[in-house]
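**Student:** Return atomic coordinates for the entry below.
(chains A, B, C and D)
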2 protein chains.
Amino acid sequence: MKHGLSKDEATMADSPKNLYFYTMVKTKNFKANGRIWIDGKEGAFLGYGRVELLEKIHELGSIRQAAQAMKMSYRQAWEFVKQMNEQTEDPLVLMNVGGKGGGQTQLTEAGLRAIEAFKSFNTAFQKFLDSYSEQLHF
Amino acid sequence: MKHGLSKDEATMADSPKNLYFYTMVKTKNFKANGRIWIDGKEGAFLGYGRVELLEKIHELGSIRQAAQAMKMSYRQAWEFVKQMNEQTEDPLVLMNVGGKGGGQTQLTEAGLRAIEAFKSFNTAFQKFLDSYSEQLHF
DNA sequence: TTTCATTATGCTTTTTTTTGAATAACGGCA
DNA sequence: TGCCGTTATTCAAAAAAAAGCATAATGAAA
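**Tutor:** Numbers count the residues shown, from 1 in each chain, chains lettered A, B, ... in the order given. Prediction:
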């Protein structure tokens, strides 16, 4: 069996190169992995990309700049924001077209809460994955 | 796919259409969702599709028939089996080319164990998701 | 030795997904 | 009023993923 590193194992390769570590890696051949997201009535509502997008919007005050910052097309970023806003009582993002600088957009309180909710969901998920990785052997 | 969109959000639409269910759905606007898999050293090792493939192989004794049964191309099914076998000490699937009927293939004990391992992993995951769906409100 | 359905594999085509270009509309502000 | 950079939207192009096609190789059994 070969021992090339796969893409998502970059963390391992970047870790301190002491002997103990290598011994551990050698015996751990498998890793429980996964992705989570939250669906609304109309389909996808929140996921990793969308949360990062919300954070960037909060930081930069513009959908276009946020998209650019995370190398996502504006087309898609705008679509994401639209889908998110359509599925909540109160919108997560407020857009203002036109005006000073062409327009601004900002997160609402609901938007900030959504970010936190997903992050805590994901933290629990990562713990779940780690606990399962322990017992994998084939 | 960049942010994990649900390929299988058919579950809600396919559920029993009684009034009680609809009432529940109406008040529950969000659902925690996700997918899990197991990575090996060379990348993807086990996931939903691969487990179903293993089961069909066990049932039908042929990669080609298994692929056909689940409407997957033989090309891909064969690739999956190859990747799985390459990443374990003992292969999950034994292939015999030629002979009566052109060849047969069967699961090993390791293959059967792999199916069970993933299924129990997924059962735990679904419970995790359900427990989280409870507390979602935006 | 011929037959047969399968495994094994490369290459082409199709389908799906994502991105990019192009353009209209907007509205505070100098 | 004209300017500016943004939001808003369509549609074509490109990239990625999956499927399909063609064909060689195999080896037990008739």
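
**Student:** quick one: A:Pro33 from B:Gln87, how far?
**Tutor:** I think there's a mix-up here, since residue A:33 is Asn and not Pro. 14 Å (C-beta to C-beta, to the nearest Å). All C-beta spots, glycine's among them, are computed from the backbone N, C-alpha and C.

**Student:** now do A:Ser133
**Tutor:** For A:Ser133, the distance to B:Gln87 - C-beta to C-beta - is 15 Å.

**Student:** Same check on A:Gly40?
**Tutor:** 37 Å.

**Student:** Quick one: residues contacting A:Lys31.
**Tutor:** A:Lys31 is in contact with A:133, A:136, B:38-39, counting by C-beta atoms under 8 Å, 6 or more residues apart in numbering or on different chains.

**Student:** Look up how far B:Glu79 lies from it.
**Tutor:** 21 Å.

**Student:** before we move on, back to that, out of A:Ser133 and B:Gln87, which sits in the more crowded spot?
**Tutor:** Shown here are A:Ser133 and B:Gln87; by other C-beta atoms under 10 Å in any protein chain shown, B:Gln87 has more neighbours (23 against 15).

**Student:** which residues touch the more buried one?
**Tutor:** Residues near B:Gln87 by C-beta under 8 Å, 6+ apart: A:1, A:29, B:40-42, B:45.

**Student:** Near the residue in chain A positioned nearest to DNA strand D, how many other residues are there?
**Tutor:** Per C-beta to the nearest atom of the strand, A:Gly102 is where chain A lies closest to DNA strand D, at 2.1 Å. A count of nearby residues for A:Gly102, using other C-beta under 10 Å, gives 10.

**Student:** pull the longest strand from chain A.
**Tutor:** In chain A, assigned by DSSP state E, the strand with the most residues is strand A:31-40.

**Student:** averaged over its residues, what pLDDT does that one have?
**Tutor:** Averaging pLDDT along strand A:31-40 yields 95.

**Student:** what does stretch A:82-97 give?
**Tutor:** Stretch A:82-97 comes out at a mean pLDDT of 94.

**Student:** looking at this, A:Ile115 is in a helix?
**Tutor:** Yes. Under DSSP: H, G, I helix; E, B strand; the rest coil, A:Ile115 falls within a helix.

**Student:** what's the distance between it and A:Leu46?
**Tutor:** Counting by C-beta to C-beta, the gap from A:Ile115 to A:Leu46 is 9 Å.

**Student:** neighbour-wise, which of these two wins?
**Tutor:** Per other C-beta under 10 Å, whichever of A:Ile115 and A:Leu46 has more neighbours is A:Leu46, with 28 against 18.

**Student:** what helix or strand does the residue in chain A positioned nearest to chain B sit in?
**Tutor:** Closest contact between chain A and chain B, by C-beta to the nearest C-beta, is at A:Gly49 (3.1 Å). Per DSSP states H and E: A:Gly49 is located in helix A:48-60.

**Student:** residues in contact with the helix or strand just after that helix?
**Tutor:** Sequence-wise, the next helix or strand downstream of helix A:48-60 (DSSP H and E) is helix A:63-69. Helix A:63-69 has contacts (C-beta under 8 Å, 6+ apart) with A:53, A:56-57, A:59-60, A:73-74, A:76-78, A:81, A:93, A:95, A:105.

**Student:** Show the model's pLDDT score for A:His3.
**Tutor:** For A:His3, the predicted pLDDT is 28.

**Student:** In the sheet, which residues pair with A:Gly40? Tell me.
**Tutor:** Beta-bridge pairing for A:Gly40 (DSSP bridges): A:Gly43.

**Student:** Around it, how many other residues sit close by?
**Tutor:** Neighbour count of A:Gly40, defined by other C-beta under 10 Å: 18.

**Student:** what do you get for A:Gln104?
**Tutor:** The local packing of A:Gln104 (other C-beta under 10 Å) involves 14 other residues.

**Student:** Using the three-state scheme, assign it.
**Tutor:** strand.

**Student:** what's the distance between it and A:Ile57?
**Tutor:** Applying C-beta to C-beta, the value for A:Gln104 to A:Ile57 is 10 Å.
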